[in-house]
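Visitor: What would the 3D arrangement of this be:
(chains A and B)
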Amino acid sequence: MLLNYLKLAWRNLLKYRFFTALNITGLSIGVACFLLITLFVTDELSFDRFHDHAGNIYRVDADIVFGGSSLALAVASDPMGEALRKDYPEVQGYTRIYTSNGSKLIKKGNVFINEDDVAHVDSTFFDIFTYPAISGDTRKALTEPNTVVLTESAARKYFGNTDVLGKMLETNDAGGTLYKVTAVIQDMPRNAHFYFDFLFSMKNVQYDFGNYLSHNFSTYLLLRPGTTRKAFEKHFPDYINKYVFPQAAQFMQLKSIDEFEKSGNRISYQLTPLTDIHLRSDRMAEIRVNSNIQYVYIFSAVAIFTLLIACVNFMNLSTARSANRAKEVGIRKVLGSERKTLIRQFLTESGLLAVISLVIAIVLTWVALPFFNSLAGKSFRLTDLVRPDFLLFLVLLPVFIGLMAGLYPAFYLSSFNPITVLKGKLNAGARRSGLRSTLVVFQFATSIILIVGTIVVYRQLNFIQNKKIGFNKDQVLVINGTGALDAQYRAFRNEVEKLPGVLGSTMSGYLPVMPGARSDQTFSKESVMDPRNGFNMQCWRIDENYIPTLGMEMKAGRNFSRAFGTDSSGIIINESTAALLGYADPVGKILYSADGVNSEPGPHTIIGVVKDFHFASLKQKIGPLSFVLGNANWATSFKVKAANVKDILNKVQKIWTGMAPQLPFSYQFLDESFSNMYRAEQRAGKIALVFSVLAILIACLGLFGLASFMAEQRTKEIGVRKVLGASVQDIVGMLSKDFLLLVVISSVVAVPLAWYGMHRWLEDFAYRSALPAWIFVAAAIAALLIALITISFQAIKAALANPVSSLRSE
Amino acid sequence: MIKITNLEKYYRTEEVETVALNKLSFEVKEGEFVAVMGPSGCGKSTLLNILGLLDDPDAGSFLFNGIEVAKFNERKRADLRKHNIGFVFQSFNLIDELTVFENVELPLIYTGVKASERKKIVEEVLDKMVIMHRRNHYPQQLSGGQQQRVAVARAVVNNPKLILADEPTGNLDSSNGNEVMQLLTDLNEQGTTIIMVTHSEHDARYSHRVIRMLDGQTVMENIMI
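Guide: Residues are numbered from 1 along each chain as shown, chains lettered A, B, ... in the order given. Modelled structure (predicted):
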């Protein structure tokens, strides 16, 4: 029986080649989109799940509100993990990762290479996380100082092989430190919220350990099975009372935690499940920029809708062409076929079509993978499609598509009364069908929503790129790692400054394009800090050229100057800080910094107020920030003339390699770094654009098919109308108006949904573009035009046909 | 074999109720060849549809081999139909996408006959209908007469007790028409009961008995000699 179904299905597909081609093209593109997005989504959802204890690992996050500024941190204090382990038996273990030192220069032969993927970790790192060892005992590998665990790639890069236990690695730490390789592990999977090539012993971190108030360590707890997050989080108030409050009391003259909280301050902790970090955590001091669950939802919806649009084509074309199948249904019923037998037959047809489409879709996916990888920033291979988990999905997919696309046509076609259809009385595939119209509305409403989505995402990206961000990011060449030049630093900077086209330079530890970097410190308005006058503020060490080189503007007071010896204790604050302090004229006022619990607050005179500039993502409001004079020379930025950029870059590199051939030359342009902060949004925009175009294309294929079918059905009517004097325009209008009405209805349906969706998406940004009405009008007009062009092709063809031949054929 | 008593069938629109069968009663014995005649709209086709279990009567009784089938559900009707009744239509009603062989094979598939057995039975029937040489052709590649021979082959392939023929020669020239009528006569002589709706007095002469209908009722019965 199945063979019979398949045979007939195959012949039907061949007989109606045009519609088969439309269906297969639409379904293949739809399925290919679905496969690509499914790869993306499953990858996003797989982050950090490869650890044996993934379900029981949690990161400790801190939420601190102090003096009107709030910090949502992905880090905890250095002693917190140990305190929790000691006090609460639910904690099976903990480990910490310290990345605040940033990158390291590591010596290979005679030259240093700048390595970004480095971290200092506790010796317990491998008790918590699962990274298979190639050599060495990872459990004991980092118990001693001056030890390092390498990944396989790092071992091969520096030593040429993985047999490197006991070998030494030199870094630029503290003027040059040797680390002994104690283990080699397999490369860390990239589907994780952190991955490193070098894991150094925590014992080498130079840090004022024991401070419960200073949060700089990514801290992970392994909770015993059966312990729930919510239950464990109930311990945090006790922990704060026992450990945090005593230090805070000493620091801020506090009598009770109530006093602290009554002043509007708050400190609290929460656990974030390891497997939630990548998609649901966007805190300060994340190890890497995470993704967003919203994109998983959005892309999943796009994938499903693209596939649905393709399935709708099949449903629409199948039911529209039902008259062609009606006779067959009638005969089969007369010969004893039951309805369920016919349903099975029609489902076999849709299943066969789905299988053919899947095969073509896999080929399309293979062809599109390199492009998609660059679009999504992933590195999928075709073999990912045949992973065991995905294979089952691939087998089930055509069944699902076959059912989804075929179920309604199967029930519809099999419901025909044999007497009616054999008498040829069935006007199946009639011009108007409620369901078919609804499905077309669904297709175009979805397309309009996608068009609106794409426009809004691009407008927001454009808004970000062109927003007045408070500094000039253009033509700023940043040379990284200039601190490593040591004694040659000044000479290097002087040499570069002398180059024609270099307009100025500044050294700094922080640039306003580094959302992860932070240097928050506690300040107070009075010499004796208490909960009412203390507040947190970013404090960057800069030189006197920082503000002019980066094109920042002073709102009041002045910039640092070598002419004023007292500027070493001066401070420049931003407008937000002035507002937070409630100072209408802050210049001349004094702020007191407290650097650690045992230090006395130091006075800083406010010498100027810099206009607010964005130093974090535009998703966040501008917070309090200050500048003090200092010698942080992590990087040096040069303002250059637009015309000479390439030439200047070459010359700077020459100067660098002339002075420090052993050090890597690394640079970036400030505007590029700025763009990189919005990479997730840019990717989302591009993906949305590509898949919107494809979804619209598929919808148009369906509309094209329907229009051609309708034109075919009305051949005689068109002939009669033409004989009676109808013009080509009349005929085109007649054939188009029904469809265009559906597109108009689609717009009415789509606009509120699109407005709501995009409004929600934009809410994620503290600074966002508007959502003007023209976007919705433009999307509706675009859909209308696309539909008109699609239909016109068939309508004009039908209208231009010779009426005599159409009437004769009738 | 067939006994209908006071059979009624109405067609209703919003405004009009048309009586298709009006308390119609008659009997057909096993092995009979009965022709049903009458003007268009007299209810012939409605009667045939009900006899073929394609339609329900609104009232009355329909005994098929002594079993009341008037209220059978779709599954039971399909089951009874596929095992007992063969159909021959004026417009042949072959499935265009299937070959001659496959069209004839179809009823056997629905009755669950094994593939190897099907092949044997179909070939026998095609041989009998002198259409074997066309077994791999599609309906569009055959003449009208050949198509109707295929339709007859399909109707008899399950060895039904009853063949219902709806103007079987209506689309054929006289020569092909005679050929088809001879086929039906041969089948009847081999024991198959045949009920045939026709407008043709010539074709009716092949039957044993003619039932003449008007306005949904029997107006006359002629025994053909």
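Visitor: So for chain B, the centremost residue is which one?
Guide: Centroid check for chain B by Cα atoms, centre = their mean gives B:Leu164 as the closest residue, at 1.6 Å.
Visitor: Please see if the helix or strand that residue falls within touches chain A.
Guide: When secondary structure is defined by DSSP states H and E, B:Leu164 falls within strand B:162-166. No: if you take Cβ under 8 Å from any Cβ of the partner chain as the test, strand B:162-166 misses chain A, and the best it gets is 9.0 Å. The C-beta positions use only the backbone N, C-alpha and C, and glycine is treated the same way.
Visitor: Just checking: what are the partner strands of whatever helix or strand B:Thr218 lives in?
Guide: According to DSSP H and E, B:Thr218 maps onto strand B:217-223. Sheet pairing of strand B:217-223 (DSSP bridges) gives strand B:209-214 (antiparallel).
Visitor: Low-confidence stretches in the chain?
Guide: You didn't pick a chain, so chain A it is. Residues of chain A that meet the criterion pLDDT under 70 lie in A:1, A:323, A:424-433, A:515-518, A:595-601, A:723, A:725, A:802-810.
Visitor: Can you look at chain B instead?
Guide: Chain B contains residues with pLDDT under 70 at B:224-225.
Visitor: Going by proximity to chain A, name the top residue of it.
Guide: Using Cβ to the nearest Cβ, the single residue of chain B nearest to chain A is B:Lys82, 2.4 Å away.
Visitor: Same question for the closest residue to that residue other than its chain neighbours, what's its three-state structure.
Guide: Excluding the flanking residues, the one nearest B:Lys82 by Cβ to Cβ, 6 or more residues apart in numbering or on different chains is A:Gly336, at 2.4 Å. The assignment at A:Gly336 comes out as coil when based on DSSP: H, G, I helix; E, B strand; the rest coil.
Visitor: Please parse chain A into its domains.
Guide: Domain segmentation of chain A under automatic domain parsing yields A:2-25+A:294-463+A:679-809, A:54-280, A:476-676.
Visitor: ok, which residues in chain B are in contact with chain A?
Guide: Residues of chain B lying close to chain A (Cβ under 8 Å from any Cβ) are B:49, B:52, B:54-55, B:74-75, B:78-79, B:81-83, B:87, B:89, B:91, B:93-98, B:102, B:106-107, B:109-111, B:154.
Visitor: Next step: those residues restricted to helices.
Guide: Of these, the ones assigned to helices by DSSP state H are B:49, B:74-75, B:78-79, B:81-83, B:102, B:106-107, B:109-110, B:154.
Visitor: between the residues you listed, which is closest to A:Asn12?
Guide: Nearest to A:Asn12, judged by Cβ to Cβ, of those is B:Glu102 at 13.3 Å.
Visitor: The closest one - how many residues pack around it?
Guide: Neighbour count for B:Glu102, taken as other Cβ atoms under 10 Å in any protein chain shown: 20.
Visitor: so what's it up against?
Guide: Counting by Cβ atoms under 8 Å, 6 or more residues apart in numbering or on different chains, B:Glu102 touches A:Asn4, A:Lys7, B:Ile95.
Visitor: closest to A:Pro500 among those residues?
Guide: A:Lys7 (79.7 Å).
Visitor: Could you look up the SS state of that closest one?
Guide: Put simply, A:Lys7 is helix when judged by three-state DSSP.
Visitor: gap between it and B:Tyr110?
Guide: Distance, A:Lys7 to B:Tyr110, by Cβ to Cβ, to the nearest Å: 15 Å.
Visitor: These two: who's more crowded?
Guide: Each of A:Lys7 and B:Tyr110 has its neighbours counted (other Cβ under 10 Å); B:Tyr110 has more, 21 against 15.
Visitor: I figured the more buried one hits A:Leu342, correct?
Guide: No: B:Tyr110 lies out of contact with A:Leu342 (Cβ atoms under 8 Å); the separation is 10.7 Å.
Visitor: What is the burial count for residue 216?
Guide: Chain wasn't specified; assuming chain A. Quick note: A:Asn216 (other Cβ under 10 Å) scores 19 neighbours.
Visitor: ah, I was thinking of chain B
Guide: Look at B:Gly216: counted by other Cβ under 10 Å, it has 23 neighbours.
Visitor: any chance you could map the strands in the stretch 201-350 of chain A?
Guide: A:215-223, A:266-273 (DSSP state E, counting those that start in this stretch).
Visitor: from the contacts of B:Glu102, which is closest to A:Phe638?
Guide: Nearest to A:Phe638, judged by Cβ to Cβ, of these is A:Lys7 at 74.3 Å.
Visitor: For the closest one, which non-adjacent residue is closest in space?
Guide: Of all residues not flanking A:Lys7 in the chain, B:Glu102 sits nearest, at 7.8 Å (Cβ to Cβ, 6+ apart).
Visitor: distance of that neighbour from A:Gly658?
Guide: Distance from B:Glu102 to A:Gly658, counting by Cβ to Cβ: 86 Å.
Visitor: ditto for A:Ile479
Guide: Distance from A:Ile479 to A:Gly658, by Cβ to Cβ: 14 Å.
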